[in-house]
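Peer 1: predicted model, plus sequence, below.
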Amino acid sequence: MNGPSPKRGLMIAAPRSGGGKTTLTLGLLRALADRGVSVAGAKSGPDYIDGAFLAAASRRDSVNLDSWAMPQALVRALAGGLAGEMLIVEASMGLFDGAPEPAGATGASADIAAILGLPVILVLDVSGQAQTVAAVAKGCASYDPRIRVAGVVLNKVGSERHRRLAAGAIEALGLPVLGALPRQPDIALPERHLGLVQAGETADARLGALARFVAAHVDLDALVALAAPIDAGGARAALRPPGQRIAVARDAAFTFLYPHLLSGWRTAGAEIAFFSPLADEAPPARADVCWLPGGYPELHAGRLAAASRFLDGIRRFAQTHPVHGECGGYMVLGRALIDAEGVRHEMAGLLGVETSFHKRRMTLGYRRARLAADGPLGAAGEVRLGHEFHYATITAQGEDPPLAFAADAYASTEAPVGARRGLVSGSFFHVISEGAP
């Protein structure tokens, strides 16, 4: 991820989720990359999957930028650490949606635009309306004085008449309309979340189709001309390395580890050794610590339960070295995982927790976690910032003490989360950073 700081940048945002941000951003990244523009992508907010798509589209590394879970210095450092002459940040949810925190630290995409000085390109879904969309554009442009809405792209335009009505009303406000994407249901990506499709499964041809679609309906030169110099910073670590030599599980079952953590560990001098539980590989014996990221173990539970070299190897490793699991990794460290069909699969048994995808319940949100004991995430009493996003339920917690005591972004009441036993720890909590120094 090391390289010269992007000189200019833009944010692609919308008033709500599902408005067309991802279609425009991916198509724009690939179209510009195909033109020879040195462009990188970043995702605002805690989203593993969209970040991977941005990397695939731009053919460059991508990062997540988060104003709630990252100090502003870290946001600037991560943006500055991306190679390329241009940075395009995809917003999350609605442009101003975030947690009830002080301005600048809410997790809203508007915070990232303000921190980096990014002009905002607003994607407006005009289905079911015409001139009224100008009122939405005017509201977004005037709501937050920290940011500047520099232009608009219309989405789901039904006809040339529809385009003229909506575009004319917006341009009367002094906002340029840079393009209009027609209704074309087959251009959208399949559902990305929760393992239905991942970036590695998206053929280059699909990204190429998105690029041609965007290039045909958006004035790319006018859009790029609106990019502004970004306020990027120098190096800033997100999380201290948990060891000098870190064994990291990586395959189709373990895909969710933030790139900025790996990059930061390497910058701090740590060595990363990847291994594949699905290939029945054990963590390398020379490693100091083992990290099992989140991912999709429920889709591969049978293979993991049958991976005897992996399971025996991680049990031996845990006798003398720390092992930590996040979300999916936490489930694999537990006693059993029940898949969506209700089939029980025995896991490593290093923690007492049992989890189920047969009984589904969505859990998501920011977490502020205070560590209960020393471990790979830090020392007892230290606070780590991150999030949860999963559909698994805990069917049996076991008797292990908690890893941490956590509160969400809306309350100060802490509750025990995760588990620890000996040198093994885990939870559904994904760490993003150590927070403010």
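Peer 2: Perfect, thanks for sending it. Numbers count the residues shown, from 1 in each chain.
Peer 1: so, low pLDDT: which residues of the stretch 1-150 of the chain?
Peer 2: 1-6 (pLDDT under 70).
Peer 1: all helices of it, in order?
Peer 2: 21-34, 48-58, 72-81, 109-116, 133-143 (DSSP state H, counting those that start in this stretch).
Peer 1: which one of those lies nearest to Ile187?
Peer 2: The closest of these to Ile187 is helix 21-34. By Cβ to Cβ, the value is 6.6 Å. All C-beta spots, glycine's among them, are computed from the backbone N, C-alpha and C.
Peer 1: hang on, Gly27 packs against His217?
Peer 2: No: between Gly27 and His217 there is no contact under Cβ atoms under 8 Å: 9.2 Å.
Peer 1: settle it for me: which of those two has more neighbours?
Peer 2: Gly27 (26 against 20; other Cβ atoms under 10 Å).
Peer 1: list the contacts of that one.
Peer 2: 57, 207, 210-215 (Cβ atoms under 8 Å, 6 or more residues apart in numbering).
Peer 1: skip the chain neighbours and tell me the closest residue to it.
Peer 2: Once flanking residues are discounted, Gly27 sits nearest to Val214: 3.1 Å by Cβ to Cβ, 6 or more residues apart in numbering.
Peer 1: what's the helix or strand for that neighbour?
Peer 2: For Val214, the element it lies in under DSSP states H and E is helix 204-217.
Peer 1: how about the next helix or strand after that helix as PDB, C-alpha atoms only?
Peer 2: Sequence-wise, the next helix or strand downstream of helix 204-217 (DSSP H and E) is helix 220-225. Extracted C-alpha coordinates of helix 220-225, given in PDB (Å, rounded to 0.1, in the frame of the first residue of the first chain):
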ATOM      1  CA  LEU A 220     -15.700  11.700 -17.100                       C
ATOM      2  CA  ASP A 221     -13.500  14.700 -18.100                       C
ATOM      3  CA  ALA A 222     -15.800  17.100 -16.300                       C
ATOM      4  CA  LEU A 223     -16.100  14.900 -13.300                       C
ATOM      5  CA  VAL A 224     -12.300  14.500 -12.900                       C
ATOM      6  CA  ALA A 225     -11.800  18.200 -13.300                       C
END
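Peer 1: just how off-centre is helix 220-225 within its chain?
Peer 2: Distance of helix 220-225 from the chain centroid (Cα atoms, centre = their mean, to the nearest Å) equals 27 Å.
Peer 1: please name every helix or strand in contact with that helix.
Peer 2: helix 21-34, strand 149-157, strand 177-182 (3 or more Cβ pairs under 8 Å, 6 or more residues apart in numbering; DSSP states H and E).
Peer 1: buried sites along the first one?
Peer 2: Buried residues in helix 21-34, defined by neighbour count with 16 or more other Cβ atoms under 10 Å: 21-33.
Peer 1: which of the residues you listed sits closest to Pro229?
Peer 2: Leu32 (17.6 Å).
Peer 1: roughly how far is stretch 397-412 from the heart of the chain?
Peer 2: Using Cα atoms, centre = their mean, the offset of stretch 397-412 from its chain centre is 22 Å.
Peer 1: re earlier: nearest to Ile338, out of the helices and strands packed on helix 220-225?
Peer 2: helix 21-34 (32.1 Å).
Peer 1: please compute how far the closest one lies from its chain's middle.
Peer 2: For helix 21-34, the distance to the chain centre is 18 Å (Cα atoms, centre = their mean).
Peer 1: so it versus helix 109-116, what angle?
Peer 2: Interaxial angle of helix 21-34 relative to helix 109-116 (axes from the mean of the first three to the mean of the last three Cα atoms, to 10 degrees): 40 degrees.
Peer 1: out of the helices and strands packed on helix 220-225, which is closest to Leu239?
Peer 2: That would be helix 21-34 among these, by Cβ to Cβ, at 27.0 Å.
Peer 1: what sits up against stretch 376-390?
Peer 2: Contacting residues not belonging to stretch 376-390 are listed as 46, 68-70, 239-240, 242-243, 289, 291, 294, 322, 324, 327, 362-374, 403-404, 425, 428-435 [Cβ under 8 Å, 6+ apart].
Peer 1: derive a PyMOL selection command for the buried subset of those.
Peer 2: Buried members of the contacts of stretch 376-390, defined by 16+ other Cβ under 10 Å, are picked up in PyMOL with:
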select buried, resi 46+68+69+70+239+240+242+243+289+291+294+322+324+327+366+367+368+369+371+372+403+404+425+428+429+430+431+432+433+434+435
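Peer 1: which ones among the contacts of stretch 376-390 lie within strands?
Peer 2: In this view, these that belong to strands under DSSP state E are 289, 291, 294, 324, 363-371, 404, 425, 430-433.
Peer 1: by neighbour count, which of the contacts of Gly27 wins?
Peer 2: Ranking the contacts of Gly27 using other Cβ under 10 Å puts Ala57 first, with 30 neighbours.
Peer 1: which residues touch the residue nearest to Gly27?
Peer 2: So Val214 contacts 23-24, 27-28, 31, 179, 181, 220 (Cβ under 8 Å, 6+ apart).
Peer 1: change it to 7 Å
Peer 2: By Cβ atoms under 7 Å, 6 or more residues apart in numbering, the contact list for Val214 reads 24, 27-28, 31.
Peer 1: roughly how far apart are the most centrally placed residue in the chain and Ser142?
Peer 2: Centroid-nearest residue in the chain, with Cα atoms, centre = their mean: Asp47, separated by 2.2 Å. Counting by Cβ to Cβ, to the nearest Å, the gap from Asp47 to Ser142 is 28 Å.
Peer 1: now do Pro401
Peer 2: Pro401 is 51 Å from Ser142, by Cβ to Cβ.
Peer 1: do the same with Ala379
Peer 2: 46 Å.
Peer 1: what do you get for Glu281?
Peer 2: From Glu281 to Ser142 the distance is 56 Å (Cβ to Cβ).
Peer 1: settle it for me: which of those two has more neighbours?
Peer 2: Set side by side, Glu281 and Ser142 show more neighbours around Glu281, with 17 against 10, by other Cβ under 10 Å.
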